[in-house]
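Undergrad: Sequence and predicted structure below; questions after.
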Amino acid sequence: MAARDPDRRHKIIEAARRIFARHGYEGASISMIAAETGLTKAALYHHFTSKEAIYRASSRTGMDELLMEVGNALDKTGPHPIDRLRAYMHASAARFERNQDSWMSGSAIFWTTHSSETRSEVLRVRDEYEGVLKDIIHEGMASGVFRKDIDVDLSSKFLLSIVNQLPRWYRKGGKYSAVEIIDIYLDTYLNGVLDTARTPCLTARTPVP
């Protein structure tokens, strides 16, 4: 069998993300993905055995890339919990803004896939991504920057919901970028969770349009 071309495989994944974002998993077809890539169905099957295999690769690759970008952002950030929280959220919002098709197809289709194997695989990486956020919140509580009575699970879900809701209403070319919008929401969140006896409240910063 001829060697699989990694560039062509990447091209298929990117095209599939666009198709899944537009039509959902059930509405998408191998024929649609082939047409989007300009390849034959036979060429697609050379790289992937099924539509499910393409979806699994596109979702897993997207989550791995998100996790890597968040990790890289945190590696460049100092130890202060607020700086680390902001870096995490900025990296997530920037990833969404650059890859809206990938984000939309990964988050929406996850709930409709019938494959428990695919769901489990994506869940494992998603939990690792959320675990990084929970660690940042724990660090903020341990250092006295955040209040001790925060529910870490609810806080992480609230923060992630800010990013996950962007596809429902955010459009490029508006007054604010996705990262600037995240800053507005994040300042509101921080003013509610800071230990004000040790850390002054933030004044919500209005991003530069």
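TA: That came in fine, so what should we check first?

Undergrad: need the next SSE after the helix ranked longest in the chain, C-terminal direction.
TA: Assignment by DSSP state H gives helix 116-142 as the longest helix of the chain. Downstream of helix 116-142, the first helix or strand assigned by DSSP states H and E is helix 152-164.

Undergrad: For that next one, output the C-alpha coordinates as CSV.
TA: Output of helix 152-164 as CSV, limited to C-alpha atoms (Å, rounded to 0.1, in the frame of the first residue of the first chain):
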residue,chain,number,x,y,z
VAL,A,152,-13.8,24.8,41.5
ASP,A,153,-16.0,22.6,39.3
LEU,A,154,-18.7,25.2,38.8
SER,A,155,-16.1,28.0,38.3
SER,A,156,-14.3,26.0,35.6
LYS,A,157,-17.6,25.2,33.8
PHE,A,158,-18.7,28.8,34.0
LEU,A,159,-15.4,30.1,32.5
LEU,A,160,-15.4,27.5,29.7
SER,A,161,-19.1,28.3,28.9
ILE,A,162,-18.0,31.8,28.1
VAL,A,163,-15.8,30.5,25.3
ASN,A,164,-18.2,27.7,24.2
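
Undergrad: tell me which element the closest residue to residue 47 other than its chain neighbours is part of?
TA: Excluding the flanking residues, the one nearest residue 47 by CB to CB, 6 or more residues apart in numbering is residue 9, at 5.0 Å. The C-beta positions use only the backbone N, C-alpha and C, and glycine is treated the same way. Using DSSP H and E, residue 9 sits within helix 6-27.

Undergrad: quick one on the thing from earlier: quick one: distance of the longest helix of the chain to the chain centre.
TA: Relative to its chain's centre, helix 116-142 lies at 11 Å (CA atoms, centre = their mean, to the nearest Å).
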